[in-house]
Every structure is written in structure tokens, then in C-alpha cells.
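Participant: Below is the structure, and that's it, no one-letter string:
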DNA sequence: TAGCAAACCAAGTAGAACTTCGTTTTTAGC
DNA sequence: GCTAAAAACGAAGTTCTACTTGGTTTGCTA
């Protein structure tokens, strides 16, 4: 796979769906929009550190797991 | 330790010094300034995804290792 | 002393993250 | 095949913060 944003996005999508969480739910709990979550999962852009922290918290995983590919 | 930026910064500093690389050298190889590297290591701010990728490449480690704490 | 590495601070800039609005596609259940 | 929910997708605008610039200061060590 091409770049880090894309790898991260795919990993996020996998972990999110495995937990049965919708983009809408993740967006609400991280104070982001659905579009931003969608953009992150598609590798359009990567989240800032603050949001990276929030995302990991909602998924209840360590941040490094989001980079485990 | 407080937040993700600080944890990341401390981890980066550890890995960098272990490899005997100076901030100046890391800055040059990542097209960042010394001040930016210093700010990242002190947890003032976290790097963007593109720079995160460059940093890991220079240190010759996987990105997840930078979050292994 | 001299020189290098790094901390530190304030102020400005650039650009990517993020939003908003709207449309289209995919997926899953009935 | 119909419906609705979930998500992809695009364009254009805004906001935030990563990053820079310039300078001073501290700590180390030869």
C-alpha cells in the first residue's frame, strides 16, 4: 500500500468495523464529523495528534495498534 | 506522562539518541528545522503524518515503534 | 576558553486538517 | 425490487496548529 495515511485509514476502518461501531458514532464521540472520519479512513488526510488520541480512546485500543500493519 | 505528544516526543528522543543521531542531522534528513525537531521531542506539538513517515524512515524503524510506550 | 548540542521564547506564516452542503453509491433487510 | 442506513465522493471555505524565523540561553566536554 502506498503511504502511511492510507495504511492508517485501512487499519482504522478494520478496527472500527470489528467493534461494530459506525462512522457516525465514532464521529460523535471524537467531536469530528462523519466526513472527516470517512476522509481519514480513505487516506485523504491523517488525524492530528489530539484526534488520534481520541480515536484510540473510543476504540479502546492503544495508539500503536492503529499503526500495527 | 500527560499526553500523547509528550509520550511520543520522549520516545523519539530516546530512539534518536540510541542511534547516535543529532537533532540537526534528523532535521536535515526530514526537511524540518532543528527547532521543529526540538519542539516535537519536548511535546510542544506532534508531527504531521507525512513527517511522521519521514522520521521513522530516517531512524530506520517502523512507525508503530515510535508509539511503543 | 571555545565549540557543539539542545532548550527555550515570541511572533509570524503556510498549509493540511477539518467543516459544510450536497449528491451518489453501496450495503443489508424486508 | 423497494427501502433505509451507512458510507463514498466532490468542491469550496474555514480553522487550527504544525512549522518557520530569529534570537538568546544553558549544558556539556575537549
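Facilitator: That came in fine, so what should we check first? The structure displayed is predicted, hence computed values, not measured ones. Numbering: from 1, shown residues only, chains lettered A, B, ... in the order given.

Participant: Count the residues that sit near residue A:24.
Facilitator: 11 (other C-beta atoms under 10 Å in any protein chain shown). Where C-beta positions appear, they are placed from N, C-alpha and C, glycine not excepted.

Participant: Now do it, the pLDDT please.
Facilitator: On pLDDT, residue A:24 comes in at 95.

Participant: Next one: it from DNA strand D, what distance?
Facilitator: 5 Å (C-beta to the nearest atom of the strand, to the nearest Å).

Participant: again, but for residue A:51
Facilitator: On the measure of C-beta to the nearest atom of the strand, residue A:51 and DNA strand D end up 9 Å apart.

Participant: Apart from its chain neighbours, what residue comes closest to residue A:53?
Facilitator: Spatially, and ignoring its direct neighbours in sequence, residue A:53 is nearest to residue B:4 (4.5 Å; C-beta to C-beta, 6 or more residues apart in numbering or on different chains).

Participant: swap in residue A:23?
Facilitator: Excluding the flanking residues, the one nearest residue A:23 by C-beta to C-beta, 6+ apart is residue A:37, at 4.5 Å.

Participant: Quick check: which element contains that neighbour?
Facilitator: helix A:34-41 (DSSP states H and E).

Participant: buried sites along that helix?
Facilitator: Neighbour-count burial for helix A:34-41 flags A:36-37, A:39-41 (criterion: 16 or more other C-beta atoms under 10 Å in any protein chain shown).

Participant: so how far is residue B:7 from residue A:43?
Facilitator: 25 Å (C-beta to C-beta, to the nearest Å).

Participant: which ones are touching the closest residue to residue A:47 other than its chain neighbours?
Facilitator: Residue nearest to residue A:47 in three dimensions, not counting chain neighbours: residue A:40, with 5.5 Å by C-beta to C-beta, 6+ apart. By C-beta atoms under 8 Å, 6 or more residues apart in numbering or on different chains, the contact set of residue A:40 is A:5, A:8-9, A:12, A:46-47.

Participant: of the residues you listed, closest to chain B?
Facilitator: residue A:46 (3.2 Å; C-beta to the nearest C-beta).

Participant: Now do the nearest residue to the closest one once chain neighbours are set aside, the pLDDT please.
Facilitator: Among residues not flanking residue A:46 along the chain, residue B:49 sits closest, at 3.2 Å (C-beta to C-beta, 6+ apart). With respect to pLDDT, residue B:49 scores 96.
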